[in-house]
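A.B. asks: no FASTA, just this:
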C-alpha cells in the first residue's frame, strides 16, 4: 500500500506543478516555462544529495544512468514540440500509453510482467484518459486514433510515451542498483543542468527572466522536487507499470484544478474520464499482483 501513497503524491505533485506553471508562466515561451522548475529544483536536489549516503555503485548503475540521460532529455524536447504544434486534446491523451508500453519494456529490462488484473487496470486508466479528452461537440473515441495520421503532434506524443516507457524502467534499474533517493537526486542534478545548458545554447531561454519571479519560481521548483522525490520511492516498491499508471492520475487532479483555477469547460465529460482512470487505479491497488 505504501507504493500507492507515493504514486498518488507523485500525481498530486505533477498536477499542482502543471497548474502553477500554467497560471504564472504561460506568458513566457514553452521552453522558459519548462526551464523554471528545472532551474529552481536544481539547488534543492543538489543540497539533498549532499546528505544522502552514496551506496555501492556497479557497472549496471553507471550504464543505466548514462543511457537514461538521452532517454529523458529527448522526449522532453519532443513533448514541447508536440504541444506547440497540435491541440492538447490530441496530444496529452497519448501519455496514457506509457504504462501500456511498459508492459513490454518492464518485462524486457526488469523481468516484471503485470498479471491479468494489472493489465486490465492499466487499460482502464488509458481509456479514461481518452474519455477525459473527448470533445462533446465531436464525441468520437476514435478521433485521437485518427489524429495519429493527421496531427504531427499526436504521433510525436506517441513517441514520447514510448521513450518514457524505456526511461522509467531504466530509472528503476538504476534505483535497484543504488538507492531511490541517491539516484533521483544525482540524476536530476545532471539532467537539469544538461537540459538548461542545451536550452541556453539554442538561445531558447533568457537568463534574466528567471530572476523576475523568485518566489513563484521556488514554488515551481519545490513541486517538481516533490515529483521526483515521490516518484523514486514509489517506483522502487512495485512494478514500474503499476506505479506509472497511478501516477497518470495527475490528469484527474489536473481536471479538478483546471475547473477550480481556470474555469475550464467540458467538466462533465472530463469528470467521467477521471472516474474511469481512478477506477483503473483502484483495480491495480486491490487486485493486481
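C.D. replies: Yes, it's here. All figures in this text were calculated on a predicted structure; none of them were measured in a lab.

A.B. asks: which helix or which strand is home to residue 60?
C.D. replies: Secondary structure from DSSP states H and E places residue 60 in helix 59-85.

A.B. asks: buried sites along that helix?
C.D. replies: Across helix 59-85, burial judged by 16 or more other CB atoms under 10 Å covers 61, 64-65, 68-69, 71-73, 75-83. No exception for glycine: its C-beta is placed from N, CA and C like everyone else's.

A.B. asks: ok, stretch 47-55 next?
C.D. replies: Result for stretch 47-55 [16+ other CB under 10 Å]: buried residues 48, 49, 52.

A.B. asks: and the average pLDDT for that stretch is what?
C.D. replies: Averaged over stretch 47-55, pLDDT sits at 95.

A.B. asks: then stretch 157-166?
C.D. replies: Here stretch 157-166 scores 91 as its mean pLDDT.

A.B. asks: any buried residues in it, and which?
C.D. replies: Buried residues in stretch 157-166 (16+ other CB under 10 Å): 157, 158, 160, 161, 162, 163, 164, 165, 166.

A.B. asks: which helix or strand contains the fifth one?
C.D. replies: Using DSSP H and E, the secondary-structure element containing residue 162 is helix 152-176.

A.B. asks: now that helix, how far from the centre of its chain.
C.D. replies: Distance, stretch centre to chain centre, for helix 152-176: 9 Å (CA atoms, centre = their mean, to the nearest Å).

A.B. asks: cool, and stretch 244-254?
C.D. replies: 9 Å.

A.B. asks: start to end distance for it?
C.D. replies: Chord length of stretch 244-254, first to last residue, is 16 Å (CA to CA, to the nearest Å).

A.B. asks: isn't residue 21 right up against residue 33?
C.D. replies: Yes - Residue 21 lies in contact with residue 33 (CB atoms under 8 Å); the separation is 5.6 Å.

A.B. asks: more crowded one of the two?
C.D. replies: Legend: neighbour count by other CB atoms under 10 Å for residue 21 and residue 33, higher for residue 21 (21 against 18).

A.B. asks: and the gap between the more buried one and residue 199?
C.D. replies: Residue 21 sits 15 Å away from residue 199, taking CB to CB, to the nearest Å as the criterion.

A.B. asks: ditto for residue 255
C.D. replies: The gap separating residue 255 from residue 199 is 30 Å, by CB to CB.

A.B. asks: just residue 211 next, same as before
C.D. replies: On the measure of CB to CB, residue 211 and residue 199 end up 16 Å apart.

A.B. asks: tell me the secondary structure for residue 17?
C.D. replies: helix (DSSP: H, G, I helix; E, B strand; the rest coil).

A.B. asks: which stretches of the stretch 101-250 of the chain have low pLDDT?
C.D. replies: Low-confidence segments of the stretch 101-250 of the chain (pLDDT under 70): 133-149.

A.B. asks: what about 80?
C.D. replies: Residue ranges of the stretch 101-250 of the chain with pLDDT under 80: 129-151, 153-154.

A.B. asks: just to revisit the earlier point, among the buried residues of stretch 47-55, which are located in helices?
C.D. replies: Taking DSSP state H as the definition of helices, those contribute 48, 49.

A.B. asks: mind putting the buried residues of stretch 47-55 into CSV with distance to residue 229?
C.D. replies: Below are those laid out as CSV (distance: CB to CB, whole Å):
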residue, distance to residue 229
48, 8
49, 12
52, 11
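
A.B. asks: and the nearest residue to residue 80 once chain neighbours are set aside, how many neighbours?
C.D. replies: Distance criterion CB to CB, 6 or more residues apart in numbering; nearest residue to residue 80, sequence neighbours excluded, is residue 30 at 5.0 Å. Using other CB under 10 Å, residue 30 has 15 neighbouring residues.

A.B. asks: what's the pLDDT at residue 30?
C.D. replies: 85.

A.B. asks: cool, residue 90 as well?
C.D. replies: Value for residue 90, per-residue pLDDT: 65.
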